[in-house]
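Q: For reference, the sequence and a predicted model appear below.
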Amino acid sequence: MAAPPEPPIDERARLLALDRFQILGSGREQAFDDLARIAAHVCGTPIALVNLIAFERQWSKAHVGWDAPELPREASLCSHTVAQRAFFEVQDAAADPRFANHPLVKGPPGIRFYAGAPLVTPEGQALGTVCVMDRVPRTLSEEQREVLRALARQAMNLMQLRRGLVELRESNSERTGVQRALKETEERYRDLFEGASDLIQAVSPDGRFLYTNRAWRDTLGYGPAEIGSLRLFDVIHPQHRGEAADVMQWVLEGGDVDTAQLVLVSKDGRRIVAEGSLSCKKVDGQPVATRAILRDVTERRRTEERLRASEARTRSILDNMTGGLITLDGSGKIESLNPAGERIFGYRREELVGRHLSLLLPEPPGQDKASYLKAAFPKALGRVTEWQGRRKNGEVFPFELSMFEFETEAGRYFAGNIRDVSERHEIERLKKEFVSTVSHELRTPLTSIRGSLSLLASGMLGELPGDAQEAVEIADRNAQRLIGLINDILDLERFESGKLEMHMGDVALDDVLQRSAEAVRGVAEKLGVALEIKGGAARAWGDADRLVQVVVNLLGNAVKFSGAGQSVTLEVERKPPFVEVRVIDRGRGIPKALQDAVFERFKQVEASDAREKGGTGLGLAICKTIVERHGGEIGVTSEEGRGSTFYFRVPESASVAEARAS
Ligand code: ADP
């Protein structure tokens, strides 16, 4: 038997070409069946086929008188026709040594005759055949051969037509697929645009709206039907049309704008500030629309403006404050300083920001700055404390500082009010100096005046006429009061400046009370006020004379402000580690609001008290300094119309006094 023909050299290309026809395995088709029938009829054979030679098989697209639609390629007679790419005829296969042993010849169906015309593509690839077979030997006429060739060409034409159709169908279905996808994308975008919270618009170059989304229409208050007749400049705020026209022109000329601001006006006249990006859509290089994606920032702008105004207000308050204001971060670094603060310390803001607060303080005596600050800083929180500061020129000066703490997102901060009190201190010092100088200067001549007046009043220098006697007595009393005042002023000044030495020791309070009572007994009797002493054996650590001074003062007041027939009680009680002395009267009492104030200099409940009752208005201030120098405290409880209880407590022993003083 003849070996099956070698596959053509360009077999791969041939198979690819066959594949493009997508015919293998397709169903029966009338046109091909017709071709096979015509072939059988023209050639007078019982068998006719339209065959295709695939990779490993022969496959029949149409067959007449033959019922094996598929054969292995090596059993295919047509593969010879395909290999030769030319008409091929075997007139008697049994007598032909090439085919005598061929299974189709030898076995059923016992083929003796074969003739095939190749199906050749325009590119010259042979894909199959139109062939006829018979079980008896035959010879075709030239005409029959010609018809067979023509039928093969027709089969090829049919295949090409068929392929065109398949491709058309595919491209159609592809196109509808693309269209569907396009439609879906468009709908998705439309949904996105419609649902977006940004205002989206597309405007033609001549200003007509091509598209607006829902947010746009809702914000500007137009219905979809109204958009058609609307022009861009209808919705641009009249005062901002010029700038809008410029932006639009710029965009139309091809410039994209990432952050444009358009001031719009809604249908009902509201001003809307919109911010966003603008771009231009072009077709064939020609602008067809400007597109804008905007955000309504009206509220944000308004808030920003309010914030800016409030910031400006705050800034101008800070800038014009006469007091200094400093802010510090949690670690004590300076964050900001207002102009008054700059003036106080003599630095410019830039020189201080980022530096530590300690730059503004002198070296504290006896300790390092860090530990001083650590201890002093918390004390300034929420109250006024006095500090020593250092100016840029090195000058050390006193300032008052009150701090408050505040939290921000960036952490904990402190703000401090600063008041330069160096001037005030200086004035106070001068005032005190003046008062004490004047007092000193006055005391000597006053004492001699008073001496002369006493002499005159006593009659030792001779009898005075009635009126003159009275006048001299008045002058004497007033001179006495003046001397008392001057002594008090000088005492207070000495106490406060620490010039007065205290002679501390163990004091029997009984003695103090007795001595004090003796001192006021005369006045008390004159005013008809009884004195009672309720004392136990109590001791205190102090200066006996100064304690007598305190009690005399309190007793004197109590007597002065009692009515005739009333009594004043003096009592002492141990309240370890203190001892308490109380002076109780049943007189007019002190209004609640003034109970603390009476301990200040020259403070009186009634303006006329000093004149009418005698006194300087300094007594209680002196008592307070003395008691505090003892490490004790002084106070009053009183009910108007029912009397007052003045009390003071001093330490019982030296150790308590020392502990209090430190
Ligand atoms: P003065 O030397 O004028 O008494 P003080 O400092 O001792 O000055 O007292 C101040 C003022 O306190 C008095 O002028 C008076 O108005 C009031 N005051 C002091 N003690 C009493 C008291 N026991 N009862 C009522 N008022 C008093």
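A: Okay, I see it. Numbers count the residues shown, from 1 in each chain.
Q: can we go C-alpha only for contacts and neighbour counts from here?
A: Will do.
Q: The helix or strand residue 60 falls within packs against which elements?
A: Using DSSP states H and E, residue 60 maps to strand 57-64. Helices and strands touching strand 57-64, by 3 or more C-alpha pairs under 8 Å, 6 or more residues apart in numbering; DSSP states H and E, are helix 30-43, strand 47-53, strand 70-72.
Q: Against residue 426, how distant is residue 393?
A: To residue 426, residue 393 is 19 Å away according to C-alpha to C-alpha, to the nearest Å.
Q: just residue 407 next, same as before
A: On the measure of C-alpha to C-alpha, residue 407 and residue 426 end up 38 Å apart.
Q: what's in contact with the strand holding residue 60?
A: The contact list for strand 57-64 (C-alpha atoms under 8 Å, 6 or more residues apart in numbering) reads 23-29, 32-33, 36-37, 40, 46-53, 69-74, 76, 79.
Q: try it again with 6 Å
A: 32-33, 47-52, 69-73 (C-alpha atoms under 6 Å, 6 or more residues apart in numbering).
Q: So what are the sheet partners of it and their directions?
A: strand 47-53 (antiparallel), strand 70-72 (antiparallel) (DSSP bridges).
Q: Now find how far off-centre that strand is within its chain.
A: Counting by C-alpha atoms, centre = their mean, to the nearest Å, strand 57-64 is centred 81 Å from the centre of its parent chain.
Q: and residue 209, backbone torsions?
A: phi -80, psi 120 (degrees, to the nearest 10).
Q: any idea which helix or strand carries residue 486?
A: helix 466-496.
Q: Give the other helices and strands that that helix contacts.
A: Under the contact definition 3 or more C-alpha pairs under 6 Å, 6 or more residues apart in numbering; DSSP states H and E, helix 466-496 sits against helix 422-458.
Q: List the buried residues of the helix it packs on.
A: By 16 or more other C-alpha atoms under 10 Å, the buried positions in helix 422-458 come out as 435-436, 439, 443, 446, 449-450, 453-454, 456-457.
Q: do the helix holding residue 486 and the ligand meet at all?
A: No. Using C-alpha under 6 Å from any ligand atom, helix 466-496 never reaches the ligand; the gap is at least 8.5 Å.
Q: Quick one: mean pLDDT over that helix.
A: Mean pLDDT, helix 466-496: 85.
Q: Show me what counts as buried in that helix.
A: Those would be 469, 472-473, 475-476, 479-493, 495, for helix 466-496 by 16+ other C-alpha under 10 Å.
Q: Quick check: buried residues in the next helix or strand after it?
A: Going down the chain from helix 466-496, the next helix or strand is strand 505-508, by DSSP H and E. Burial within strand 505-508, assessed by neighbour count using 16+ other C-alpha under 10 Å, is assigned to residue 507.
Q: Packing partners of strand 505-508?
A: Under the contact rule (3+ C-alpha pairs under 6 Å, 6+ apart), strand 505-508 is packed against strand 539-542.
Q: Would you pull up the residue in the stretch 401-550 of the chain closest to the ligand?
A: residue 485 (8.5 Å; C-alpha to the nearest ligand atom).
Q: ok, and for stretch 342-354, which residues are buried?
A: Buried residues in stretch 342-354 (16+ other C-alpha under 10 Å): 342-347, 349, 352-353.
Q: Dump it to CSV, restricted to CA.
A: The C-alpha trace of stretch 342-354 is given here as CSV (Å, rounded to 0.1, in the frame of the first residue of the first chain):
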residue,chain,number,x,y,z
GLU,A,342,7.6,92.1,74.1
ARG,A,343,7.8,95.6,75.7
ILE,A,344,7.9,94.2,79.3
PHE,A,345,10.8,91.9,78.6
GLY,A,346,12.5,94.0,75.9
TYR,A,347,12.7,91.0,73.4
ARG,A,348,11.1,90.7,70.0
ARG,A,349,8.7,87.9,69.6
GLU,A,350,10.9,86.0,67.2
GLU,A,351,13.7,86.0,69.7
LEU,A,352,11.6,84.2,72.2
VAL,A,353,9.4,81.7,70.4
GLY,A,354,10.7,78.2,70.9
